[in-house]
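Asker: this one's structure only:
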């Protein structure tokens, strides 16, 4: 278990650093790439928890698709590829206050509630189980999400279309 | 025996019902029958009159039966000892009223009973009201011929009679209230009969509003009667439900008074009801509407003044008399509000009658004065005398009013102005003259006319009950009455005819209107109301042009429908007095009319006075003095035409001789003139300027206050608060507007920070 | 492993995301910050799922992922639209709502 | 609980207009006659249902909720679809259905500008749903929803078809009532959270709340909750000083709107007091009563003064509503069954009489295009029938015995002489005298109006105008009202019989009288025959 713990802290450190850079860097493209780091770290944490399927989905969907979308968005809005000016506005201190407040509250609540609960990993969750669950218990939400995606797709096309 | 021994008494509810139906019929179908609609009204009031006569006959025989010949026989023979013996035989003397009632509605255990309560008082009133009303109906067929709203007039007349009769037979105070208000409504309709002219509708409004002011008293008073009963029932250990039944009210009032409980409730109840009487019966200071009410057609004035509207107040006083008797502690013999108001009204009304040039206004002020006698009589404990005076006054005052109507109707100008349009009329209309003289005699109290007996009775009993002050006040009133009535008769029937002929018609009309224009919405001056029964003018474009010609030649005698009621009323003006006279040892009226006020045996105020020779002598002397004064001043013009204009020291010596050492001046100028001039003028001035102004300025003040309240408090103040709060909200919005920077991220910050704060709170307090 | 490790990590990421949403001057970066928050949520879900030893957490995470994808799609379309109209991707310039 | 058709009848009475509304919306706008016909039929059917209720109502048990239905509605807050009528709500329900029919008939050829028959009638139908629903609701949430439904159509009616100042008036109306509603809703919620019913659940059910008593709410909190309800209802009544929306709304509203506003909408407030505020929070009501009474008498005098200052006929009638509703509130403030009976009677009577007065004002405006009294005059010569009807209504309104107005006024004044136990006698007796003075003022302004409008001769500008007297549509709309004014005035027992049981039960539960209770058992006279004949010496 120690190895896992160590791995967790390493990944966590990377993720924290990446996240901070995402919100602080002055280069847009870098920000997107730092985000990739955070997402990848997240996928790694999932694997640590034995949740493989979602980890791979994370890698494929997020890193493979979402980040690409981001980059396209950056290009299409003709954002400067290099750091030119500050990318943060004058709301830094309020933002920090809100962030600290939120994070602090969450942390307090978590510590308070689950102070020493342990995660006992027995065996990884297999994809079959997930399939069973999705197509039995959560069929309707699944379908709804499918429709939602379709709607988002059409909506995005309609909105972004030039006419 | 006619049908049932009690048939008429049991079915007295038919008497108000028949005219009420007639009202509806005339209103709905009147147009179809044109002027024949009058006959519907006549037929209905005629049958009501027959029914009323039936009740009179049956009631008298009922009283005589239950009295038993023996008690009354003894009383009759002993005469002077009447009082003591009657007290002894008292228990037999009350004849219980006949009550039929039904529960109208029920509300939380309280039942409102309505029905009829027939006793001597009610029977007497039924007779008076139906009689006068019948005569007025008949009289009006001629008098209002060709009027443009002939049908409405008859409909209103029917309703008027119906409501008054309803009031008379009422068995509960609430019914009294209903009848009372309906009477007020009808007087409104009739006074304002010619509503096209503003002064007429003003007069109608004034009458309604003034009596309505009195009705504050009636409303609260009737409510208090309810609680008087409740209090008494609770005191007697009963279940303590209130009631409006007049019998119960009287019983309770006597009981509470006897047991010394709830004096203040009784007092306030009496005070409230006295206010109602003041409004309705034209008592000082609420009398100002009565002269204005002359704006209505003259037969209506007769009806209002003799038998319906104003008498309702006195009737109320007599109906729930125990309330006043106990509430004002009348037995004590001290000055009480009721006697004081009545006494003041006697003098004030009579004083004002001096300075009127309008014959109807003289009569109107005289009515006020006579009503003052009645209320004063009630106030001094002379119940029987008050009612007796009501009874006789109804006939002779109706006689006088209808006589005045005859004079105007058959005179040249349809005017009531004595100074301009009358004089010497006795030659032109001798029959009217005679009847008018009989009425005047009765009003003055010439011996052996009806007024003599009734007025005398009031004064005698007032003296007996230790109200000496009011006795002499009444005598002063009698002097004044004699004086102004002599003047009135002189101006109307003696001297030279001053009226013009047809061509003067328009001029007379204008005089009235010139004065009439400065009126305003509520309160009009007395003189501002042109008193013209100029229905002929209204009718000029109407169907009956042919009839109108009588206005175009000189004065002449009226025809049958007008004279017949006058003859009958003249007869009654004398005959009605012979029902009660201690002097002649007649006590029938007292015996027949006295009501039964509950079970208490010790309450008896219905005694006729004990005859003392001094009383009639004083009264006659008063009358003679009054007449002589007027005779000297007006008739003989002992002091010339325009005495008041003369002055100056230089001519004094010559005048001293010419004027017979100024003895006449002393008599006429200083005494009569003083009374006639400054005092009456002052009274009139007070009436016109103070009381009327109080009313006027109260009206104006209310309007002003209303304007103020509306403009400043409502529109600016109260509304301002809301408008202010609205703009306050606007200002807040302006502040909030500042927050709407349009910076999405600032919004996001606000939302997220707020959310975080709430979450933190939840965490902390959980 | 303690459950709290993951939860605290997610709290940190979430806070960072909030900071980003409030402060970033480019709309695409605001969306990226939102993604950070979503990842934080996902980590939470998965951690709880692992603690309770079932697959529900994963399923929820999958749904979140899907919705995140949809959100990014629509979000970027909006960004494009804004850019096309305002010639700027700075959220501060989209201030039509200013009162 | 009712069964079979009876279980549906109240629902039908309330929601039939919705069906009509749907039909009206489906008909093209140009088919005006058809729209009118459908609306009239709908309202007639609704009236028919309400008459069925009236006919099958058990008048021996007026205190009992009849035609009662209770179905689960919003389970999570334990709010039920609970409807039913008792003696208090029955007259109001029938009145509401009745007045709506008359309004539709009157509208037939009196459509206000802008001419849009479809929208106007649709709004009337929607209004009827709200009005009928409010009077049958036995659940606070249900009550609230119906109470609010009423607001919208009236807002549009004033705002679209109103007079020149309509926007101000409609917004004022809307804001005022909405403000009151908000406080009222807060009070309802507070009660919900503070009181538990027999099963230990929080509830919005009115009978359950009454049965639960104050449910352990402290006196101070009760006072506050009552205060919230008071403001909500008092604005609707409207009581001084919350009345300022009324003259504006009335003056600007189209005739039919004014009639409905005066006849039904104002009653929602007083009905709320009687149905909800008093029985649920009796102790607070007792503490509030002197203040309610004070505001009521101020309203009586103040409204009358306001009337005297008016030059606009319709505004005068509007102010007279303030005065008359003062009597209703005074009756309620006495907290006696006598006074509350009078209040219910006064509500119905005021609905009939003032509704009628507004009809006439509307017709006068329709004819002369002005309501300025200084420009009017001689109505009696130009349109005698209308003039007489105006006179009749003025008399009814000033409380002439024998007409309906009297029975709302007189018992209310009477009840104040001896209010419920624990209320100050001197204070309430002072109110009595002031209220009695108010009757004189009432006579003053009404007769003044009558004189200005009806008496005299027509002004020069209208000399040659041909004035239509009362026409067939108007007769059809007015005659029932006039007849009812007379019938209720002559036989007030019809109403008192209906309301008495329900009111008595409410008052006995909420404000028990010490004296009466002990005596009630030994009250043999209750069985005495209705007619007794007393003859002596026969």
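Answerer: Noted; the coordinates are in hand. Values in this document were obtained by computation on a predicted structure and should not be read as measured data. Numbering: from 1, shown residues only, chains lettered A, B, ... in the order given.

Asker: average pLDDT across stretch B:37-44?
Answerer: The average pLDDT within stretch B:37-44 is 82.

Asker: gap between that stretch and the chain center?
Answerer: 26 Å (Cα atoms, centre = their mean, to the nearest Å).

Asker: before we move on, what about stretch A:20-30?
Answerer: That offset, for stretch A:20-30, works out to 15 Å (Cα atoms, centre = their mean).

Asker: what are the ranges of the helices in chain A?
Answerer: A:2-24, A:28-48, A:52-57, A:67-76, A:92-113, A:127-136, A:139-160 (DSSP state H).

Asker: would a markdown table of the ones you listed with mean pLDDT, mean neighbour count and distance to residue B:182 be doable?
Answerer: C-beta here means a position set from N, CA and C on the backbone, and glycine is covered the same way. Below are these laid out as a markdown table (pLDDT from 0 to 100; neighbours: other Cβ atoms under 10 Å in any protein chain shown; distance: least, Cβ to Cβ, whole Å):
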| stretch | mean pLDDT | mean neighbour count | distance to residue B:182 |
| --- | --- | --- | --- |
| helix A:2-24 | 89 | 17 | 89 |
| helix A:28-48 | 90 | 22 | 93 |
| helix A:52-57 | 89 | 21 | 92 |
| helix A:67-76 | 85 | 18 | 89 |
| helix A:92-113 | 88 | 18 | 79 |
| helix A:127-136 | 87 | 14 | 86 |
| helix A:139-160 | 89 | 14 | 77 |
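
Asker: close to chain A, is the helix of greatest length in chain C?
Answerer: The longest helix of chain C (DSSP H) is helix C:56-86. Yes: using Cβ under 8 Å from any Cβ of the partner chain, helix C:56-86 reaches chain A at C:56-59, C:61-63, C:65-74, C:76-81, C:83-84.

Asker: pull out the buried residues from these.
Answerer: C:56-59, C:61-63, C:65-66, C:68-74, C:76-80, C:83 (16 or more other Cβ atoms under 10 Å in any protein chain shown).

Asker: let's check: the centremost residue of the chain is which one?
Answerer: Went with chain A since none was named. Centroid-nearest residue in chain A, with Cα atoms, centre = their mean: residue A:39, separated by 5.1 Å.

Asker: if you could check chain D rather than the one you did, that'd help
Answerer: residue D:267 (2.6 Å).

Asker: report the angle between the longest helix of chain C and helix A:127-136.
Answerer: 70 degrees (axes from the mean of the first three to the mean of the last three Cα atoms, to 10 degrees).

Asker: and helix C:56-86, anywhere near chain B?
Answerer: No: if you take Cβ under 8 Å from any Cβ as the test, helix C:56-86 misses chain B, and the best it gets is 10.5 Å.

Asker: now that helix: how far from the chain's centre is it?
Answerer: 9 Å.

Asker: same for it, what does it pack against?
Answerer: helix A:52-57, helix A:67-76, helix A:127-136, helix A:139-160, helix C:27-52 (3 or more Cβ pairs under 8 Å, 6 or more residues apart in numbering or on different chains; DSSP states H and E).

Asker: can I get those in a markdown table with distance to residue D:43?
Answerer: Listed next are the helices and strands packed on helix C:56-86 as a markdown table, based on distance: least, Cβ to Cβ, whole Å:
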| stretch | distance to residue D:43 |
| --- | --- |
| helix A:52-57 | 63 |
| helix A:67-76 | 60 |
| helix A:127-136 | 55 |
| helix A:139-160 | 45 |
| helix C:27-52 | 56 |
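
Asker: among those helices, which is nearest chain D?
Answerer: Comparison of the helices and strands packed on helix C:56-86 against chain D by Cβ to the nearest Cβ identifies helix A:139-160 as nearest, at 22.3 Å.

Asker: contact partners of that closest one?
Answerer: A:134-135, C:63, C:66-67, C:69-71, C:73-74, C:76-78, C:80-81 (Cβ atoms under 8 Å, 6 or more residues apart in numbering or on different chains).

Asker: ranges for the helices of the stretch 101-250 of chain D?
Answerer: Applying DSSP state H, counting those that start in this stretch to the stretch 101-250 of chain D gives helices spanning D:117-136, D:140-149, D:151-161, D:166-194, D:206-212, D:219-236, D:245-252.

Asker: just these: most buried one?
Answerer: helix D:245-252 (a mean of 26; mean count of other Cβ atoms under 10 Å in any protein chain shown).

Asker: ok so, going back, turn the helices of chain A into TSV, including distance to residue B:437.
Answerer: Converted to TSV, the helices of chain A look like this (distance: least, Cβ to Cβ, whole Å):
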stretch	distance to residue B:437
helix A:2-24	121
helix A:28-48	124
helix A:52-57	127
helix A:67-76	121
helix A:92-113	109
helix A:127-136	121
helix A:139-160	111
